[in-house]
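Visitor: Build me a model from this:
(chains A and B)
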Amino acid sequence: NAGVTQTPKFRILKIGQSMTLQCTQDMNHNYMYWYRQDPGMGLKLIYYSVGAGITDKGEVPNGYNVSRSTTEDFPLRLELAAPSQTSVYFCASKKTEGGSYGYTFGSGTRLTVV
Amino acid sequence: KNEVEQSPQNLTAQEGEFITINCSYSVGISALHWLQQHPGGGIVSLFMLSSGKKKHGRLIATINIQEKHSSLHITASHPRDSAVYICALRDFGNEKLTFGTGTRLTIIP
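Guide: Here you go, the predicted structure:
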């Protein structure tokens, strides 16, 4: 199994450009998440999804959009990139609510907005 | 909002030493996660705890719900244990985790 796959690994954007960060998991996990990690700070939740067709905002959703048309894919869209969105982005998944299941993380996307 | 504090922020130890990393929080939780972030940036989930103690290989995680405190222990530490260790709290009734800022562990051969 590949687990959680994120692409691209690195990207440099100019202010105002748009892009989509891709996230795919092959573990049939219902729950998927997008986090951002800023230097010296804890991860912050951007958006999450509890299943196909269902998404919800996290702590820091402004400037981002998501969709969940399939169980496997959870892309994160940046419409008008701003320097404040320079960060490392992690996608994660989990099998179900609560229980004894941990999270599986992707390897991250390092985004720089200039 | 739950406040999470990890200590120490940085820890350097010799290979073979017993390591303890602490995580304290302010409000009761449904679960606490310990994560390991490798120098290359990848994040691995180590433990999920709601009570008691769990062990996996040389790693042991404990949680005291009454004292709102968890510890991660590493026995017989090895340079490959060098990483940032992060605790994350899951509140009751929602999917949002509150993350600590991590403890950077360096094991010297």
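Visitor: On the strand side of things, show who the spatially most central residue of chain A bridges to.
Guide: By C-alpha atoms, centre = their mean, the mean C-alpha position of chain A lies nearest to residue A:34, the distance being 2.8 Å. Using DSSP bridges, the bridge partners assigned to residue A:34 are residue A:47, residue A:91.
Visitor: how far away is it from residue B:9?
Guide: 26 Å (C-beta to C-beta, to the nearest Å). No exception for glycine: its C-beta is placed from N, CA and C like everyone else's.
Visitor: per-residue confidence for residue 16?
Guide: Just going to use chain A. In this prediction, residue A:16 carries a pLDDT score of 96.
Visitor: try chain B instead
Guide: For residue B:16, pLDDT reads 97.
Visitor: From what I see, it and residue B:76 are in contact.
Guide: Yes - under the criterion of C-beta atoms under 8 Å, residue B:16 makes contact with residue B:76 at 5.9 Å.
Visitor: Let me see the ranges of the strands in the chain.
Guide: All of this is about chain A. Using DSSP state E, the strands found in chain A span residues A:4-7, A:10-13, A:19-25, A:31-37, A:44-51, A:54-57, A:64-66, A:76-78, A:87-94, A:104-105, A:109-113.
Visitor: Wait, chain B was what I had in mind.
Guide: Using DSSP E, strands in chain B cover B:4-7, B:10-14, B:19-25, B:31-37, B:43-49, B:52-56, B:59-64, B:69-74, B:83-90, B:97-99, B:103-108.
Visitor: So which of those is nearest residue A:49?
Guide: strand B:97-99 (14.8 Å; C-beta to C-beta).
Visitor: Now tell me what touches the closest one from outside.
Guide: A:42-45, B:1-2, B:4, B:25, B:33, B:86-91 (C-beta atoms under 8 Å, 6 or more residues apart in numbering or on different chains).
Visitor: May I see the PyMOL selection of the buried members of those?
Guide: The PyMOL command for the buried members of the contacts of strand B:97-99 (criterion: 16 or more other C-beta atoms under 10 Å in any protein chain shown) is given here:
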select buried, (chain A and resi 42+43+44+45) or (chain B and resi 4+25+33+86+87+88+89+90+91)
